[in-house]
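Q: sharing a model prediction with you, sequence too.
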Amino acid sequence: SCQWGYDSDNGPEHWHKYYPIAKGENQSPIEINSKEVQHDPSLPPWFVGYDPGAAKTILNNGRTCRVVFDDTFDRSVLRGGPLPGTFRLRQFHFHWGSSDDHGSEHIVDGVKYAAELHMVHWNPKYSNFAEALKQADGVAVVGVFLKVGKTPKPEMKRILEEIDNIKTKGKEAPFSNFDPSILFPKSRDYWTYHGSFTTPPCEECITWILLREPIEVSPDQMAKLRSLSINAETEPVCPMVDNWRPPQPRHFRMVRASFQ
Ligand SMILES: NS(=O)(=O)c1cc(F)cc(F)c1
Ligand SMILES: [Zn+2]
């Protein structure tokens, strides 16, 4: 059946059987190699206008920890950068490893970060998210790398405090009054390229905006993420770790940088 995951029997090497686009030519993540990136001075800055009141719930869907927003109107939006018009924030989630030396999906000059935050937005010129993911310009994801250091990121506290209430698959808790832009690093420098969802359905609908500057989290904060389980409450405990897809072939895609 369609229960894809990250194990040897349902992981990234199997996804193409149910989602043939997983072997497409515009798949994500990819390796970013600074020497092959093209600096594009015409790339504008990107901007967000997030309404903290749009935050709704935090959920363990058995594959990641996801915070969901009200996207029924242009309430929390992303615009500028490589994007045509405004995109609506729908959710954000994370990918991480079983130890601090890996876990990110995109890899930069050989560097694997401990985790990667994805802020998912969709183009309201399409009637809904399901329609948008069928379009090449349907979705925009801002990716932020998480690097482990000594100082905890205070802005992560609220997310990690909720983890105790969503330990197992299917658990959901209210999550309100949160502006996710507090998670961004200082610099707005980014790489951008056209790619796909890094999980099934692997649709090639994403304009990626990957921030160059990682945010720093503490080892305890990473351990908290790793305390989530993929199993439901009534099933044997299986830690939610290594929920990342390895890099995919870049093929003929150009990665542009907003910075020199
Ligand atoms: N991991 S990802 O950001 O590419 C992503 C976003 C999304 F909205 C749905 C997915 F299945 C996967
Ligand atoms: Zn993701």
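A: Great, that's in hand. Ligands and ions are numbered 1, 2, ... in the order given.

Q: show me where pLDDT drops low in the protein?
A: 1-2 (pLDDT under 70).

Q: can you confirm Lys224 is in a strand?
A: No: going by DSSP: H, G, I helix; E, B strand; the rest coil, the assignment for Lys224 is helix, not a strand.

Q: contact partners for it?
A: Neighbouring residues of Lys224 by Cβ atoms under 8 Å, 6 or more residues apart in numbering: Leu160, Ile163. C-beta: built from backbone N, CA, C; applies to glycine.

Q: okay, and the beta partners of Leu117?
A: Phe94, Val144 (DSSP bridges).

Q: burial of the nearest residue to Arg226 once chain neighbours are set aside, as a residue count?
A: Spatial nearest neighbour of Arg226, chain neighbours left out: Val241 (5.2 Å); criterion: Cβ to Cβ, 6 or more residues apart in numbering. Here the count is done by other Cβ atoms under 10 Å, and Val241 has 19 residues near it.

Q: isn't Val241 right up against His95?
A: No: using Cβ atoms under 8 Å, Val241 is not in contact with His95, being 10.2 Å away.

Q: check contacts around Ile159.
A: Ile58, Cys65, Val67.

Q: buried residues in the host helix or strand of it, which are they?
A: Element membership for Ile159 (DSSP states H and E) is helix 157-162. Within helix 157-162, the residues scored as buried using 16 or more other Cβ atoms under 10 Å are Ile159, Leu160, Glu162.

Q: could you verify that Phe259 is part of a strand?
A: No: applying three-state DSSP, one finds Phe259 to be coil, outside a strand.

Q: in space, what's closest to it - neighbours in sequence excluded?
A: Counting by Cβ to Cβ, 6+ apart, Asp189 is the residue found nearest to Phe259 once chain neighbours are left out, at 4.1 Å.

Q: double-check that neighbour against Gln260; I have them as touching.
A: No: if you go by Cβ under 8 Å, Asp189 and Gln260 don't touch, sitting 9.5 Å apart.

Q: what sits against the residue nearest to Pro185 when sequence neighbours are not counted?
A: Computed as Cβ to Cβ, 6+ apart, the closest residue to Pro185 that is not its neighbour in sequence is Glu213, at 3.8 Å. Neighbour list for Glu213: Pro185, Lys186, Ser187, Asp189 [criterion: Cβ under 8 Å, 6+ apart].

Q: mind checking what secondary structure Glu213 has?
A: coil.

Q: hmm, back to that, now, which of the contacts of Glu213 sits nearest ligand 1?
A: Using Cβ to the nearest ligand atom, Pro185 is the member of the contacts of Glu213 that lies nearest ligand 1, at 18.2 Å.

Q: I'd say the closest one and Val217 touch.
A: No: if you go by Cβ under 8 Å, Pro185 and Val217 don't touch, sitting 11.8 Å apart.

Q: looking at the two, which one has more neighbours?
A: Ranked by neighbour count (other Cβ under 10 Å), Pro185 and Val217 place Val217 first, with 26 against 16.

Q: in the sheet, who's paired with that one?
A: Val148.

Q: that one reaches Met156, doesn't it?
A: Yes: counting by Cβ under 8 Å, Val217 does reach Met156; the two are 5.9 Å apart.

Q: if we can go back for a sec, ok, then the element right after the helix holding Ile159?
A: On the C-terminal side of helix 157-162, the nearest following helix or strand under DSSP H and E is strand 172-174.

Q: just checking: what are the partner strands of that next one?
A: Short version: by DSSP bridges, strand 172-174 pairs with strand 55-60 (antiparallel).
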